[in-house]
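In: got a sequence here, can you build the structure:
(one chain, ligands or ions: 1)
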Amino acid sequence: MAYSLGIDASTQSVSAIVIDLDDGRVVYDHSINFGEALPQYEAPNGFFQGSEDGEVFSNPTMWLEALDLLLAQLSKECDLTKIKCLSGAGQQHGSVYLNHTWFDAVSNLSPQASLAEQLKACTSRPVAPIWMDTSTEKECQEIAQALGGDHIICEKSGSVTTERFTGPQIRRFYKHSLEAYLNTNRIHLVSSFIGSIFAGCDAPVDTGDGAGMNLMNLKNFDWDSQLLNATAPDLKDKLPKIVLGNHRIGPIAPYFVKKYGFDPQTEVTVFTGDNPSSLVGTGGSSEGKVVISLGTSDTYFAAMPKIVSDPNGYGHVFGNPSGKTMSLQCFLNGSLAREAVKDRFNYSWDQFTEAIKETPAGCNGNYMLPFFSPEISPRYSGSTPVLKGSPAFQNWEHPQEAIRACVEGQFLNMQLHTEWMAMQPKSIYLTGGASENDMIAQVVADVFQCTVERLAVTGSVALGAAMRAAEN
Ligand code: XUL
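Out: Presented below is the predicted three-dimensional model:
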């Protein structure tokens, strides 16, 4: 019997899934929630605001403490000698800044002390900016200007300069904390930082996560010298190498063998970003399948048949851990918009579903741009939806039509703003809370004119990591 371990280092928690390689069964699934397990870090949801507008940070030392807690738990409940391979994923874009002591420290971890105790002093910046940070508008403009416009950055890296992406974040650090930047010898993504620890060496970044930095060129999957130069001086020396998602780093670090009882031959596959990992975990990594995740915000992602980037600059291209690339489009007005229209009429979710059922497709010629809060696909800074149709509809006098028009509007907008991916989905996999709603699933099928299947998967990020390790 052989097992594979998948780790998900996400915003609010760190999780482990263990699958049985014979039958794919999940034999272990556990999370350590940062806020609950480590309240002393004062990050109840895994992050905290910085002192300046838009800054959102996490604490790498907190992640390390949580990792030790997770493994201690795992070693009690699972026979670790059966684990033959592992990989993992991290929240995308977040970055960890390390000084020259990192390289020795990560290669010589002693089982006598904790990860946090041994690696805390290696950080040249005590905090890690994460994907929720929006403080780098100025740096985005500077980088775009240096290269001759955002369309060039988008063509090279798959995304226009984006506030949360690592390149603009690094530039801000360099500008605001020059001395600390100069004391930084390695900048890791969350994925490559945690991957380094498991492998007991300074690990590479994979193309899946590397693409979320505005620093990697999609043509050759390597650092782009123009992007590096526009971001910060001597940056190339501070970044790990980039490898494909099937790269094996090597055997697990002795720390985990001696402290927790892993088999010393456990093979570590390079870690990736949470979205690329989820693509694998939901079975969407081969071409022709599209995954729509309906959550607080809705995301649409798919393996891409050829590399194209969004000419409007709203969407992103990341590496696909199974080779080539994947697209990701995020719609901020997801469940919160559906909830806003429901609450406007004091409806229950059952009434909401009935309203869609009772109103014909096309909503009697009434349309809604369902943006109840600012949107990024397309960019919209207002917080009022736009209604077009009969005067009664425009006055919100028809709850049934308003509800149907909201949902139709969401998926028509999704279809329109994913056209740049140049793919006609054969089937769509729906996941996330709202995917259980039959009427929402029907609207998706009607709008995209294809079959829709529901995924029962939870924890697709950690599962994708375990599957990647197993396939390697
Ligand atoms: C994707 C993004 C988030 C993070 C955190 O671009 O910012 O999905 O990966 O989950």
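
In: helix, strand or coil for the closest residue to the ligand within the stretch 101-250 of the chain?
Out: Of all residues in the stretch 101-250 of the chain, the one sitting closest to the ligand is Trp131 (3.6 Å; Cβ to the nearest ligand atom). Quick note: C-beta positions are derived from backbone N, CA and C, even for glycine. When classified by DSSP: H, G, I helix; E, B strand; the rest coil, Trp131 comes out as coil.

In: now the stretch 151-300 of the chain against the ligand: closest residue?
Out: Asp274 (4.7 Å).

In: so who does that residue touch?
Out: With contact set as Cβ atoms under 8 Å, 6 or more residues apart in numbering, Asp274 has these partners: Asp8, Ser10, Ala89, Gly90, Gln91, Gln92, Val461.

In: repeat that with 10 Å
Out: By Cβ atoms under 10 Å, 6 or more residues apart in numbering, the residues touching Asp274 are 8-11, 88-92, 131, 190-191, 208-209, 281, 460-462, 464-465.

In: what segments of the stretch 301-450 of the chain are strands?
Out: Taking DSSP state E, counting those that start in this stretch to define them, one finds strands in the stretch 301-450 of the chain at 316-319, 325-331, 367-369, 375-376, 379-380, 386-388, 427-431.

In: most packed of those?
Out: strand 316-319 (a mean of 26; mean count of other Cβ atoms under 10 Å).

In: I'd like to know which elements it is packed against.
Out: helix 150-157, strand 205-206, helix 207-210, strand 272-273, helix 274-281, strand 298-304, strand 325-331 (3 or more Cβ pairs under 10 Å, 6 or more residues apart in numbering; DSSP states H and E).

In: what about 6 Å?
Out: helix 207-210, strand 325-331 (3 or more Cβ pairs under 6 Å, 6 or more residues apart in numbering; DSSP states H and E).

In: could you export these as a markdown table, including mean pLDDT and distance to the ligand?
Out: Below are the helices and strands packed on strand 316-319 laid out as a markdown table (pLDDT from 0 to 100; distance: least, Cβ to the nearest ligand atom, whole Å):
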| stretch | mean pLDDT | distance to the ligand |
| --- | --- | --- |
| helix 207-210 | 98 | 9 |
| strand 325-331 | 95 | 6 |
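
In: now tabulate the ones you listed in CSV and tack on distance to Asp310.
Out: Output for the helices and strands packed on strand 316-319, formatted as CSV (distance: least, Cβ to Cβ, whole Å):
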stretch, distance to Asp310
helix 207-210, 18
strand 325-331, 8
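
In: what's the closest of those to Ala402?
Out: strand 325-331 (18.8 Å; Cβ to Cβ).

In: and the closest one, how far out from the chain middle?
Out: Offset of strand 325-331 from its chain centre (Cα atoms, centre = their mean, to the nearest Å): 10 Å.

In: contact distance from the ligand - what residues of the stretch 251-400 of the chain qualify?
Out: Gly273, Asp274, Asn275 (Cβ under 6 Å from any ligand atom).

In: just the stretch 1-150 of the chain next, same as before
Out: Residues of the stretch 1-150 of the chain lying near the ligand (Cβ under 6 Å from any ligand atom): Thr11, Gln91, Gln92, His93, Trp131.

In: list just the nearest of those to Gly288.
Out: Once Cβ to Cβ is applied, the member of these that ends up nearest Gly288 is Gln92, at 24.2 Å.

In: my read: the closest one touches Pro276, true?
Out: No - checked against Cβ atoms under 6 Å, the pair Gln92 and Pro276 is beyond contact range at 8.3 Å.

In: who's more crowded, these two?
Out: Pro276 (33 against 27; other Cβ atoms under 10 Å).

In: so that one makes contact with Gly208?
Out: Yes - counting by Cβ under 6 Å, Pro276 touches Gly208, with 3.2 Å between them.

In: mutual contacts of these two, please.
Out: When contacts are counted by Cβ atoms under 6 Å, 6 or more residues apart in numbering, Pro276 and Gly208 are jointly contacted by Phe318, Pro321.

In: count of neighbours near Gly362?
Out: Count around Gly362 with other Cβ under 10 Å applied: 12.

In: dump the residue contacts of it.
Out: Taking Cβ under 6 Å, 6+ apart as the definition, Gly362 has no contacts.

In: and it, how far from the ligand?
Out: 33 Å (Cβ to the nearest ligand atom, to the nearest Å).

In: quick one, phi/psi of that residue?
Out: Phi and psi for Gly362, reported as degrees, to the nearest 10, are phi 90, psi -10.

In: pLDDT score for it?
Out: According to the prediction, Gly362 has pLDDT 96.

In: sorry, back to before: closest one to Lys156 among the strands of the stretch 301-450 of the chain?
Out: Once these are compared by Cβ to Cβ, strand 316-319 is nearest, at 10.6 Å.

In: how about that closest one as PDB, C-alpha atoms only?
Out: Only the C-alpha atoms of strand 316-319 are listed here, as PDB (Å, rounded to 0.1, in the frame of the first residue of the first chain):
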ATOM      1  CA  HIS A 316      -4.500  35.900 -16.300                       C
ATOM      2  CA  VAL A 317      -2.400  33.100 -17.800                       C
ATOM      3  CA  PHE A 318      -0.500  30.800 -15.400                       C
ATOM      4  CA  GLY A 319       1.500  27.700 -16.100                       C
END
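
In: distance between that strand and the chain's centre?
Out: 11 Å.

In: what's in contact with it?
Out: With Cβ under 6 Å, 6+ apart, strand 316-319 has contacts from Gly158, Ser159, Thr207, Gly208, Ala211, Gly212, Pro276, Ser309, Thr325, Met326, Ser327, Leu328.

In: tell me the contacts of the fifth one?
Out: The reference is to Ala211. So Ala211 contacts Gly158, Phe318, Gly319 (Cβ under 6 Å, 6+ apart).

In: now, among those, which is nearest to Asn45?
Out: Phe318 (24.3 Å).

In: and the pLDDT for that closest one?
Out: Per the predicted model, pLDDT is 97 at Phe318.

In: next one: phi and psi at the residue nearest to Asn33 when sequence neighbours are not counted?
Out: Setting aside the residues directly before and after it, Asn33 is nearest to Ser13 in space (Cβ to Cβ, 6 or more residues apart in numbering), at 4.5 Å. Dihedral pair for Ser13: phi -160, psi 170, per degrees, to the nearest 10.

In: quick one: Ser13 from Glu77, how far?
Out: Distance of Ser13 to Glu77, given as Cβ to Cβ, to the nearest Å: 17 Å.

In: which intervals of the stretch 351-472 of the chain have sub-threshold pLDDT?
Out: Along the stretch 351-472 of the chain, segments meeting pLDDT under 70 are nowhere present.
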